[in-house]
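Engineer: Need a 3D model of the sequence below.
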Amino acid sequence: MLLYRTRIFNLPVSFSLGTFIKHLERATNLKPTVITRRSTTTKCSIVNASHFETLNPLQQQQVHLYVDALLDWNQKMNLTAVRDANDVMDRHIEDSLAIIPPIRSSYVSNCESTVEKLNLVDVGSGAGLPGLILAIACPDWKLTLLESLNKRCVFLEHVIGLMGLSNVKVIRGRAEDVGQNLEFREVYDVAVARAVAEMRILAEYCLPLVRVGGLFVAAKGHSPEEEVRRADKAIRVMGASLLQTCYVNSHSPYGQRTAIVCLKNGPTPKKYPRDPGTPAKSPL
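Structural biologist: Modelled structure (predicted):
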């Protein structure tokens, strides 16, 4: 059984602790409407505000450390296409923080439990987005970062130690293999994914990891309706149903964002997820 821990790797990494990131107040806050258990799509109301500015000083400093490390390591490996600190804040940090309100609202309304100590998995975590940012903003939550590439796992372990986080663990592996491992199968309250794959593939990656009665939340860009429609079969086969599409209006050049929320109604059939590579090659 893997234990929650942090570990600092002694790697030749340099970064400026004094770098202060000027953040533009252009992000949004979500207040989702009440959701029923039916497979319906519900729009969210939107208020102009910065999610980053709701964090306490320690959390903001942890975000600063993360952004510094991300940009520094990005010179050595491909972690993000974004090269500017302000763009990282707008495109990655605010987007990651923006899915917290839909998670909280959907979970309280549909999962018959509190959101104080959620157990979440970030599938295809990459550079730790959104998982590491959720761990900073919600220190009572437990986050598992699932990533298949070793070099990205090394970065994740380094930055976890750098920020002093104790509520995060990293698992190196493919979602198809981990989803068939009884240690992780159907044990998470929530699975999240951002910039990994289209919805019908994500459903097979993520929903086998979610407990019955839990949530799968996919962070998507603008106009996801057709992608969600194509994913209807995969979502149902995995034992889930669509709860809502939450629209997040961005005032940055990157446009509208959405959070697709699905409820796990029943167990996933044992045959899923299929062998590594199969979901992407032959989506349901």
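Engineer: What helix or strand is residue 76 located in?
Structural biologist: Residue 76 belongs to no helix or strand when assigned by DSSP states H and E.
Engineer: Can you point out the buried residues in the strand ranked longest in the chain?
Structural biologist: The longest strand of the chain (DSSP state E) is strand 210-220. Within strand 210-220, the residues scored as buried using 16 or more other C-beta atoms under 10 Å are 210, 211, 214, 215, 216, 217, 218, 219, 220. Every C-beta, even on glycine, is put in place using the N, C-alpha and C of the backbone.
Engineer: For residue 204, state which of the residues you listed is nearest.
Structural biologist: Of all the buried residues of strand 210-220, residue 216 has the smallest distance to residue 204: 10.7 Å, by C-beta to C-beta.
Engineer: Pretty sure the closest one sits against residue 207.
Structural biologist: Yes: Residue 216 is within contact range of residue 207, at 5.3 Å (criterion: C-beta atoms under 8 Å).
Engineer: Please state the offset of the helix or strand containing residue 162 from the chain centre?
Structural biologist: Taking DSSP H and E as the definition, one finds residue 162 inside helix 150-163. Using C-alpha atoms, centre = their mean, to the nearest Å, the mean C-alpha position of helix 150-163 is found 16 Å from that of the whole chain.
Engineer: Which elements pack onto that helix?
Structural biologist: Where contact means 3 or more C-beta pairs under 8 Å, 6 or more residues apart in numbering; DSSP states H and E, helix 150-163 is packed against helix 57-73, helix 131-137, strand 142-147, strand 168-172.
Engineer: Please name the strands paired to the shortest one in the sheet, noting orientation.
Structural biologist: Partners of strand 168-172 in the sheet, by DSSP bridges, are strand 142-147 (parallel).
Engineer: tell me which residues of the partner strand are tucked away?
Structural biologist: Residues 142, 143, 144, 145, 146, 147 are the ones in strand 142-147 that count as buried (16+ other C-beta under 10 Å).
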